[in-house]
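Asker: fold the stuff below for me.
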Amino acid sequence: MKNILVNVEIPKDSNIKYEYDRKTGKIKIDRILREGFKYPANYGYISEALDW
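Answerer: Numbering: from 1, shown residues only. Below is the predicted model of the structure:
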């Protein structure tokens, strides 16, 4: 079985959305939801699957 590296930009139950910045190669804060709102699931990408 092969391990797959997954980058999670939005952690489940977080109100902060992170985003990968292609220019700098770093993760940055993209937005913060209002109080009381949270993302319901992990959201991200698999590096080896990107087409850019």
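Asker: buried sites along the helix or strand where Y18 lies?
Answerer: Secondary structure assigned from DSSP states H and E places Y18 in strand 16-21. Within strand 16-21, the residues that count as buried by 16 or more other Cβ atoms under 10 Å are 18, 20. No exception for glycine: its C-beta is placed from N, CA and C like everyone else's.
Asker: got the CA positions of it in PDB?
Answerer: Presented in PDB, the C-alpha positions along strand 16-21 are these (Å, rounded to 0.1, in the frame of the first residue of the first chain):
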ATOM      1  CA  ILE A  16     -10.300  29.500   9.100                       C
ATOM      2  CA  LYS A  17      -9.700  28.700   5.400                       C
ATOM      3  CA  TYR A  18      -6.000  28.300   4.500                       C
ATOM      4  CA  GLU A  19      -4.800  28.300   0.900                       C
ATOM      5  CA  TYR A  20      -1.600  27.300  -0.900                       C
ATOM      6  CA  ASP A  21       0.100  30.200  -2.500                       C
END
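Asker: so after it, what's the next helix or strand?
Answerer: Note on strand 16-21: by DSSP H and E, the next helix or strand toward the C-terminus is strand 26-32.
Asker: so that next one versus strand 16-21, what angle?
Answerer: 140 degrees (axes from the mean of the first three to the mean of the last three Cα atoms, to 10 degrees).
Asker: and the next helix or strand after strand 26-32, what does it pack against?
Answerer: Reading on from strand 26-32 to the C-terminus, the next helix or strand found by DSSP H and E is strand 43-46. Packing contacts for strand 43-46, counted by 3 or more Cβ pairs under 8 Å, 6 or more residues apart in numbering; DSSP states H and E, involve strand 6-10.
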